[in-house]
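1. I'll drop the sequence and a predicted model, then ask my questions.
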Amino acid sequence: MDYDLAIIGSGPGGYVAAIRAAQLGFKTALIEKYATLGGTCLNVGCIPSKALLDSSEHYSQAQHEFKQHGIEVGELRLNFAQMLKRKQNVVDTTCKGVEFLMKKNKIDVFQGCASLVDAHTIAIQGDAPRQISTKNMILATGSKPSSLPGIQIDKQRIISSTEALNLSEVPKRLLVIGGGIIGLELGSVYARLGAEVTVFEYLDRLIPGMDQDLGKEIQKVLKKHLKIQFKMQHQVTAVENLGGSVKLTAKNKQGETEHWEGDYCLMAVGRKAFTEGLNLSAIDLETDKQGRIPVNADLQTKHAHIYAIGDLIAGPMLAHKAEEDGIYAVEHLAGQQPHLDYRLVPSVLYTWPEAAGVGDTEQALKEQGRAYKSGQFPFRALGRARASGDLDGFVKVLADADSDEILGVHILGARAADLIGEAVVAMEYRASAEDIARISHAHPTFSEAMREACLAATDNRALHV
Ligand code: FAD
């Protein structure tokens, strides 16, 4: 065999698995069909979206916040082309970083589309077509944007997140289908840059996978600060490209048909696993109804030496989940006993303020019939939040009614994405709310809200409300 392990797909699942495999002494190959490494996350996902979120937040702050801080700037002008250029530089540098890591770890990288020949052979189509043989494999081909039945993403006016990260202009009116993470993040980018943004959501709440209090609060905040309009319980039935604009048709909750016009329509209704070109039938592998590859608890497909990870399998479609999967698969292959708990994979929404959650939502605890208690603390009661002017949001801690073990933490507020880390550590070590309440938290920091919410959950002992 040419390799101990061949990994197909260089997203955060695949490239992290490759590094771990090299660390464990496996002779490793990584195959990627695109010219750059890093997959969706680095090229058209996490990294470019966060670059634009940061740039647009600076612009919005300069417009609306600086004055209050005593900073007066002259006429503010948006240079969108420069913003996109900077975003691309961030992406390029990050992708090159992965390339460097592959070299450093002596991983053989092949550029070309991989398709399975048999359970130990992969054909690589590309500039230099070839076949490699391998003892083991990891399938990490990720996901692609999905659409609604009958609506085609034409990439011109009806766009997915990939095109939204690279528009040639700031739309005057942007219609966003889907009030999930990607829709709200990219909707925020363009609303901050001056677009009139309307979000159409089929359900009666935003960010449906997260605690409902976060969804309600973020809706209020985005409406207030960015003037984003929300059309809840609207079922979009058609979108038409009219040349210079788009026409969207939706049914509202009364069943009436509504028409909306915009410059662009962003389809942000989720992503689906991607297996095209892999030739799964060569190894008799089938996908489930959502196109994902079924795996056992150790991430093995029905062939024990072939693992599947990341967006390609069930579980949260997140970069850090894909990384965890990759490390798990490789360590399992090496005969170790790794650990994986999807319940403790945090979810983050990078709007401003941010939203983040880990563990059970309050709705899930109710459904389970579990006895729980809840402690909540508003950021506006913190000195740090007043100093920076980031007053929106709260930390909510859910703990077991008897044992006080923390079951879920849900945060809406400045730096929630970083604050959630403390909750993840606490829950991995099965801390009680009182454990966290008794730990010193630096003052003045946003993290004090976590301690206060834990105090609130422990016999209502919050200090600053
Ligand atoms: P991918 O990153 O999709 O990588 C799969 C790779 O496999 C691709 O490079 C693809 O070209 C390659 N491939 C496919 N088929 C073949 C083949 N036959 N041969 C060779 N190569 C092949 N997640 C977060 O955690 N945080 C965020 O902030 C975040 N923001 C996001 C923003 C946007 C706009 C989007 C779209 C996604 C975001 N995500 C975020 C989700 C995250 O990008 C994915 O969960 C993550 O990239 C999945 O990693 P993966 O390794 O499973 O697959």
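-> Received, thanks.
2. give me the number of residues near whatever residue of the stretch 101-250 of the chain ends up closest to the ligand?
-> Of all residues in the stretch 101-250 of the chain, G142 sits closest to the ligand, at 2.0 Å by CB to the nearest ligand atom. Every C-beta, even on glycine, is put in place using the N, C-alpha and C of the backbone. Look at G142: counted by other CB atoms under 10 Å, it has 26 neighbours.
3. What values do phi and psi take at it?
-> G142 adopts backbone torsions of phi 70, psi -140, taken as degrees, to the nearest 10.
4. Contact partners for it?
-> Contact analysis of G142 by CB atoms under 8 Å, 6 or more residues apart in numbering lists G9, G11, G13, G39, T40, A273, F274, G310, D311, L312, A322.
5. Nearest residue to the middle of this structure?
-> L318 (4.8 Å; CA atoms, centre = their mean).
6. Show me which strand runs longest in this structure.
-> The longest strand of the chain (DSSP state E) is strand 130-139.
7. roughly how far is it from the heart of the chain?
-> 29 Å (CA atoms, centre = their mean, to the nearest Å).
8. buried residues in it?
-> Across strand 130-139, burial judged by 16 or more other CB atoms under 10 Å covers I132, T134, N136, M137, I138, L139.
9. so how many other residues sit close to the nearest residue to C113 once chain neighbours are set aside?
-> Closest residue in space to C113, ignoring its immediate chain neighbours: K33 at 4.2 Å, by CB to CB, 6 or more residues apart in numbering. K33 has 17 neighbouring residues, counting by other CB under 10 Å.
10. try the one 10 residues further on
-> Using other CB under 10 Å, the number of residues around N43 comes to 22.
11. what's near enough to touch V176?
-> Contact partners of V176, counting by CB under 8 Å, 6+ apart, are G183, L186, G187, V197, T198, V199, F200, C265, L266, A268.
12. Give me the local confidence score for it.
-> Note for V176: predicted pLDDT of 98.
13. cool, D127 as well?
-> 83.
14. interface residues of the stretch 301-450 of the chain facing the ligand?
-> By CB under 6 Å from any ligand atom, the part of the stretch 301-450 of the chain that sits against the ligand consists of G310, D311, L312, M317, L318, A319, H320, A322, Y350.
15. right, and Y3 touches I138 too?
-> No - Y3 is beyond contact range of I138, at 11.3 Å (criterion: CB atoms under 8 Å).
16. Now do the same for the residue of the stretch 351-465 of the chain at minimum distance from the ligand: helix, strand or coil?
-> Here the stretch 351-465 of the chain gets closest to the ligand at one residue, A417, 8.5 Å apart by CB to the nearest ligand atom. Under DSSP: H, G, I helix; E, B strand; the rest coil, the three-state class of A417 is helix.
17. And it, how far from R20?
-> Between A417 and R20 the distance, using CB to CB, to the nearest Å, works out to 24 Å.
18. and those two? which has more neighbours close in?
-> Shown here are A417 and R20; by other CB under 10 Å, R20 has more neighbours (23 against 18).
19. low-confidence ranges in the stretch 351-465 of the chain?
-> Filtered on pLDDT under 70, the stretch 351-465 of the chain yields no residues whatsoever.
20. quick one, helices of it?
-> Ranges of helices in the stretch 351-465 of the chain, per DSSP state H, counting those that start in this stretch, are 362-368, 383-388, 416-428, 433-437, 448-457.
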